[in-house]
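K.L.:
quick one: sequence plus predicted model below, questions after.
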Amino acid sequence: MLEVYYFIIISFFISLIIDLFYGELPTKIHPVVIIGKIITFFKNIFIKYHNRWSGFFTTFFTIVFSCLILFVVMLISSVNDYLFIIIFSIILSSTYSVKMLLSTAKDIENDLKQDLNKARQSVSYLVSRDTDELTESFIVSATIESMTENITDSYIAPVFYFIIVSIIFMILNIDYYMILLFVPFIYRISNTLDAMLGYTTDELIDIGFIPAKLDDILNYIPSRLSGLFVVLSAYLLRYDGKNAFKIMKRDARKCPSPNSGYTMASTAGALNIQLVKKDTYILGDNTNEIDVSDISKAIKLTSLTIALFTIFILIIMTIFYMII
């Protein structure tokens, strides 16, 4: 069991270092890019069947083929213990994305200080809404919304599932480490399926139903945990923690997604601002007029949320290890 615990800790910290200091893997070998190509392949096969089974089979075969590729890669890397842990850590790092999450928001903040049109262009890559006529306040709102919404699926959820399975491995004293990687990897597959297919357009309404529901189910617990950690972070940063919790309870369900509102609403409450997506939702109260400085505050809040959650899950895992 000692080896299981230390393998988990070492591989997780290596993956964090890779993500925080290096960032995303090159596009040609990035697992999410490869998953996207597999999704496109099966989408083109099954989309002609205009029912929800098309989404089921696209999801099923994408997971099977993606995991098969992962299995082969990990099997090859298992010829050497050091190579295995390096490859394991690299792939684990690709299931989440902290550096990109934070740096993208920071880049838009810098763009806003220089050129409004440049900021409009930058934010258009993050959100589905039309950004051509967005004012500064709406760009700030869209940036904070995108960053805080993605706290869950860009970090909390894949790490949550990785640690949950890791604890089970410790309890059962299982040392077949390869399986550990499949859990956050399957989460990332689900999230990518939802990002590519989970829309209610005429083309995708049927094939996207199963991917969207699967993503909702997998994010149900992590999203609520994320919201609570945003509230805790707000208290520690001396933002309005009490209001963060109040607005999260009041407004989190105003979003079309059953999960995305928890981190966005708690952030709006913490900063005493409104996050607005026209004709879709209004989160928070307009106590303070939103401006570009709120992006920096939201970045600090997001960073601390991620750090606190990381510390929390490592403590939980260590407690289980000590008890066992």
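P.N.:
The structure has been received and is ready for your questions.
K.L.:
where do the helices sit along the stretch 201-324 of the chain?
P.N.:
In the stretch 201-324 of the chain, the helices defined using DSSP state H, counting those that start in this stretch lie at 209-236, 241-251, 261-271, 293-323.
K.L.:
so Thr131, which state does it fall into?
P.N.:
Here Thr131 takes the coil state, with states given by DSSP: H, G, I helix; E, B strand; the rest coil.
K.L.:
is it true that it touches Ser124?
P.N.:
Yes: between Thr131 and Ser124 there is a contact at 4.3 Å, judged by C-beta atoms under 8 Å. For glycine as for every other residue, the C-beta is placed from the backbone atoms N, C-alpha and C.
K.L.:
of these two, who's got more company?
P.N.:
Comparing Thr131 with Ser124 by other C-beta atoms under 10 Å, the one with more neighbours is Thr131, at 19 against 16.
K.L.:
wait, what's in contact with that one?
P.N.:
120-121, 123-124, 139, 142 (C-beta atoms under 8 Å, 6 or more residues apart in numbering).
K.L.:
same check on Leu271?
P.N.:
Contact analysis of Leu271 by C-beta under 8 Å, 6+ apart lists 144, 239-240, 284, 288, 294, 297-298, 301.
K.L.:
quick check: it vs Leu301, distance?
P.N.:
8 Å (C-beta to C-beta, to the nearest Å).
K.L.:
now the common contact residues for the two.
P.N.:
Looking at what touches both Leu271 and Leu301 (by C-beta under 8 Å, 6+ apart), the common residues are Tyr239.
K.L.:
so which helix or strand of the chain has the lowest pLDDT on average?
P.N.:
One helix or strand of the chain scores below all others by mean pLDDT, DSSP states H and E: helix 116-124, with a mean of 87.
K.L.:
what residues of whichever helix or strand comes after it count as buried?
P.N.:
For helix 116-124, the following helix or strand on the C-terminal side (DSSP states H and E) is helix 136-151. Buried residues in helix 136-151, defined by neighbour count with 16 or more other C-beta atoms under 10 Å: 137-151.
K.L.:
please apply the same query to stretch 6-22.
P.N.:
Residues 7-8, 11-12, 14-16, 18-19 are the ones in stretch 6-22 that count as buried (16+ other C-beta under 10 Å).
K.L.:
can you check stretch 242-251 too?
P.N.:
Within stretch 242-251, the residues that count as buried by 16+ other C-beta under 10 Å are 243-248, 251.
K.L.:
put the alpha carbons of that stretch into PDB.
P.N.:
C-alpha atoms of stretch 242-251 as PDB (Å, rounded to 0.1, in the frame of the first residue of the first chain):
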ATOM      1  CA  LYS A 242     -21.300  35.600   3.200                       C
ATOM      2  CA  ASN A 243     -22.800  37.100   0.000                       C
ATOM      3  CA  ALA A 244     -20.900  34.500  -2.100                       C
ATOM      4  CA  PHE A 245     -22.800  31.700  -0.300                       C
ATOM      5  CA  LYS A 246     -26.100  33.700  -0.400                       C
ATOM      6  CA  ILE A 247     -25.900  34.300  -4.200                       C
ATOM      7  CA  MET A 248     -24.800  30.800  -4.900                       C
ATOM      8  CA  LYS A 249     -27.900  29.400  -3.200                       C
ATOM      9  CA  ARG A 250     -30.100  32.000  -4.800                       C
ATOM     10  CA  ASP A 251     -28.800  32.100  -8.400                       C
END
